[in-house]
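Participant: Quick one, what's the 3D model for this:
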Amino acid sequence: MALVNAFGNLALDSTVSAINTTLQTNSISVSPNNITTKFREAFESYTPNTVWSETKGSGDLVVLDGNAAGASYVVISKDPFANGNVTVLESNTAFDMPIEMSIGLHMSQRTLGQDIGIELTSTEIPNAIPADLSISSITQSTTTLTVTTVNPHGLVPGKRIGISGVSDSRFNYPSLVVATIVTPTQFTATAGPGGTIQSINAGPINNSGVVFYRPAMGEYPNGTSMLFENATATNASIYVKGNNGDSLPSGTATTNHSITVGTTASVASISALGTYAFVPTTEFRANIQADRVQWYDSAIDTVSGTSNRILRTQVVPDPTKQYKVRFRCFNNKSLTVPVAQIVSVTKSGSTTWTVNTAAAHGLTTGDYVTIYGVRDQTNFPNITSQTVVASTPSSTQFTIVSTTGTATSYGGYVSRIQGGNLQPGVTTVVIQSAAVDATTLTLVGNATWAFAIGDYVNVYGCRNNTDGTSMGVDGVYRVRNLVTTTLVLEPIGSTVLPATFGTTNCGGGVIRRTDLRISFVRVFDFTRQRVEMLSRPAGDIASSFGVQVQSTPNGVTQGGTWAINGTLGSNPTVTLVYDSQHNIWANSIRRAVT
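Facilitator: Residues are numbered from 1 along each chain as shown. Okay, the predicted model is just below:
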């Protein structure tokens, strides 16, 4: 490399000559740089607010886990008792377009009302999420929900919303999509990410509840997101947003935005005592460029091709902005959650159950509930479908109508059903006994536990079968081992075991937490190098490469019918000129199909 003298025979300045000598001596070379930023995260270690910024919702956990067979992952574990909380993990590194991202992501379960999102969103300040809309009247005819708001709602078909706070909890849908606009203060909804809503005829209920917004990507002006927001492991809703416009959804715009994607199921590569080795099934990928956004995926560690899920060119994020990777994990405002532990439940020769709770239950007559975990499952089987509250004699007592008999039992919990959706993570296995040693809690159930070693769970409503006193073991645990009906748990988070005690008969339930497991993240921003041919309609000969046909029969010969200089010849001899210096064919020929 040398500096060129542009002035003919004029002598070079001594400084320029010295620079030339240095350049030539050091043989400086220039090479193109395709990938600008290489971001690779395998979660072999994790320290909050170093590589990732962490904003943790109340009751949620962010934990580094995995200890065998190359399984290392960070877990974002959602609190099954909290409404409206959110945990966000955000990369401290920002990326320029074009961006290629691949993520090994998997989950313990899929639920409706808990939204888990992968996002590439701009570093701009997000817009404020609109305030909740007070409801003037709400009614439902079969599967059509009609909502009238106190003030103009400003909604449009396809908007993501939910309903909360209505006195009849059947109306409190965690996830809806606006179907039609009737008037500036009235709209309808028929479905959401879970599909068509439950069929009921109820209402009108006046001046009760609110409409809340469910932004697709946190109200950032630019970006794209994939949301896992229903109970199907192979579904996701995908959104693209550019320059503060409305989000363009996948799926059906005015009902269900979800489409088919690769599975979010976790695979336990090893299942053994104290061994936590979950790995993903699918690698989720996104490519975001100035003129397109594409989401696709493939099976982990496979040589098969990828599956395209969506390509968007009509709406694209602003290419002049920088983008960060975000994992955003929501509990919607109308998530069905437990409302109280059961101390005791009785019935006296009738079908009326009288349920006594440890704290105020917050229920009213006409609410709908489920009940799990009462020890005596013969007389008090789990109430697994929404059942109406018959009466509320006090703040810690309510009645329902169910099976007949005379009995008393202890333990368990009650959940208020929102929008017809059951409590996520419930198990029908009921605790029959508990024991505590220095490091673990051992529970024996009335059936085989359906968890996996490494799952995170909540023990809830575990009460002595003699008088209903608390066993002191309610809290958050990780499954350390299980053998059919025996479940061994170790405390995590802020849970502290009580003093040791031997096997004691009791009742109670165990709730599986929704755990997002992120095994790896890879993000590259790069220089897009375009090599293009002139685009022309199919069959236009002007769009083909130049061809040189040789009359001498040497070189590569192809049989068949070929187009040569605009005419068809039968089995001619055609020679393609070979460039031996560059080891390429210098010309090509296009065969005409006849």
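Participant: so where's the protein shaky on pLDDT?
Facilitator: 1-34, 528-594 (pLDDT under 70).
Participant: Let's see that with 80 instead.
Facilitator: Within the chain, the stretches with pLDDT under 80 are 1-37, 526-594.
Participant: And the longest strand seen in it, how far out from the chain middle?
Facilitator: As assigned by DSSP state E, the longest strand anywhere in the chain is strand 338-357. Put simply, strand 338-357 sits 37 Å off its chain's centre (Cα atoms, centre = their mean, to the nearest Å).
Participant: May I see the buried residues of it?
Facilitator: Neighbour counts over strand 338-357 (16 or more other Cβ atoms under 10 Å) mark 338-345, 347, 353-357 as buried. Using the backbone N, CA and C atoms, a C-beta is placed for each residue, glycine as well.
Participant: could you say what helices and strands that strand packs with?
Facilitator: strand 368-372, strand 397-410, strand 413-416, strand 456-464 (3 or more Cβ pairs under 8 Å, 6 or more residues apart in numbering; DSSP states H and E).
Participant: Out of the ones you listed, which gets nearest to Asp318?
Facilitator: Ranking the helices and strands packed on strand 338-357 by their distance to Asp318 (criterion: Cβ to Cβ) puts strand 456-464 first, at 38.6 Å.
Participant: Okay, now the sheet partners of the helix or strand just after the closest one, with direction.
Facilitator: Counting by DSSP states H and E, the next helix or strand C-terminal to strand 456-464 is strand 475-483. Note on strand 475-483: by DSSP bridges, its sheet partners are strand 456-464 (antiparallel), strand 486-491 (antiparallel).
Participant: For the last one, which residues meet the burial criterion?
Facilitator: Going by neighbour count (16+ other Cβ under 10 Å), the buried part of strand 486-491 is 487-489, 491.
Participant: What of the first one?
Facilitator: Of all the residues in strand 456-464, those buried under the rule 16+ other Cβ under 10 Å are 456-464.
Participant: Mind putting the residues you listed into TSV with distance to Phe380?
Facilitator: Formatted as TSV, those follow (distance: Cβ to Cβ, whole Å):
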residue	distance to Phe380
Tyr456	28
Val457	22
Asn458	21
Val459	19
Tyr460	16
Gly461	13
Cys462	16
Arg463	13
Asn464	16
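Participant: Out of these, which is nearest to Asp246?
Facilitator: Using Cβ to Cβ, these come closest to Asp246 at Tyr456, 36.6 Å.
Participant: pretty sure that closest one is touching Ile492, no?
Facilitator: Yes: when contacts are counted by Cβ atoms under 8 Å, Tyr456 is listed as touching Ile492 (6.8 Å).
Participant: any residues in contact with both of these two?
Facilitator: Here Tyr456 and Ile492 have 61, 476-478 as joint contacts, going by Cβ atoms under 8 Å, 6 or more residues apart in numbering.
Participant: before we move on, back to that, as a markdown table, the helices and strands packed on strand 338-357 with distance to Pro174 would be great.
Facilitator: Below are these laid out as a markdown table (distance: least, Cβ to Cβ, whole Å):
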| stretch | distance to Pro174 |
| --- | --- |
| strand 368-372 | 15 |
| strand 397-410 | 23 |
| strand 413-416 | 13 |
| strand 456-464 | 19 |
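Participant: who wins for proximity to Leu89 among those strands?
Facilitator: Taking Cβ to Cβ, strand 456-464 is the member of these nearest to Leu89, at 16.5 Å.
Participant: Quick one: work out the angle between the closest one and strand 338-357.
Facilitator: 10 degrees (axes from the mean of the first three to the mean of the last three Cα atoms, to 10 degrees).
Participant: CA atoms only for strand 456-464 - export them in CSV, please.
Facilitator: Taking Å, rounded to 0.1, in the frame of the first residue of the first chain, the C-alpha atoms of strand 456-464 are listed here in CSV:
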residue,chain,number,x,y,z
TYR,A,456,-40.1,-24.9,40.2
VAL,A,457,-43.3,-25.2,42.3
ASN,A,458,-45.3,-23.5,45.0
VAL,A,459,-46.5,-25.5,48.0
TYR,A,460,-49.8,-23.9,49.1
GLY,A,461,-52.4,-24.7,51.8
CYS,A,462,-50.4,-27.4,53.5
ARG,A,463,-52.2,-27.9,56.8
ASN,A,464,-52.3,-30.5,59.5
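Participant: Neighbours of the residue nearest to Gly411 when sequence neighbours are not counted, how many?
Facilitator: Residue nearest to Gly411 in three dimensions, not counting chain neighbours: Gly507, with 2.2 Å by Cβ to Cβ, 6 or more residues apart in numbering. The local packing of Gly507 (other Cβ atoms under 10 Å) involves 31 other residues.
Participant: how about Gly507, secondary structure?
Facilitator: Under DSSP: H, G, I helix; E, B strand; the rest coil, the three-state class of Gly507 is strand.
Participant: Settle this for me: it is touching Gly412, isn't it.
Facilitator: Yes: applying Cβ under 8 Å, one finds Gly507 in contact with Gly412, separated by 5.5 Å.
Participant: who's in contact with Ser164?
Facilitator: Residues near Ser164 by Cβ under 8 Å, 6+ apart: 83, 132, 172, 209-210, 212, 333-334, 418.
Participant: What of Arg110?
Facilitator: Counted by Cβ under 8 Å, 6+ apart, Arg110 has contacts 228, 230-233, 235, 264.
Participant: Report the separation between it and Asp515.
Facilitator: Plainly put, Arg110 is 11 Å away from Asp515 if you go by Cβ to Cβ, to the nearest Å.
Participant: and if you look at Gly70?
Facilitator: 19 Å.
Participant: do Val436 as well
Facilitator: 24 Å.
Participant: Of the two, give the one with the bigger neighbour count.
Facilitator: Using other Cβ under 10 Å, the more surrounded residue of Val436 and Asp515 is Asp515, with 27 against 20.
Participant: Can you give the domain ranges for this protein?
Facilitator: 1-31, 49-123+224-331, 133-213, 336-423+426-512, 535-594 (automatic domain parsing).
Participant: Ok, which of those domains comes nearest Phe526?
Facilitator: Going by Cβ to Cβ, the one of those nearest Phe526 is domain 49-123+224-331, 6.1 Å.
Participant: Now do the end-to-end distance for that closest one.
Facilitator: End-to-end distance of domain 49-123+224-331: 23 Å, with Cα to Cα, to the nearest Å as the criterion.
Participant: swap in stretch 235-247?
Facilitator: Stretch 235-247 has an end-to-end distance of 19 Å (Cα to Cα).
Participant: Stretch 256-265 too?
Facilitator: The straight-line separation of the ends of stretch 256-265 (Cα to Cα) is 21 Å.
Participant: What of stretch 224-232?
Facilitator: Stretch 224-232 has an end-to-end distance of 21 Å (Cα to Cα).
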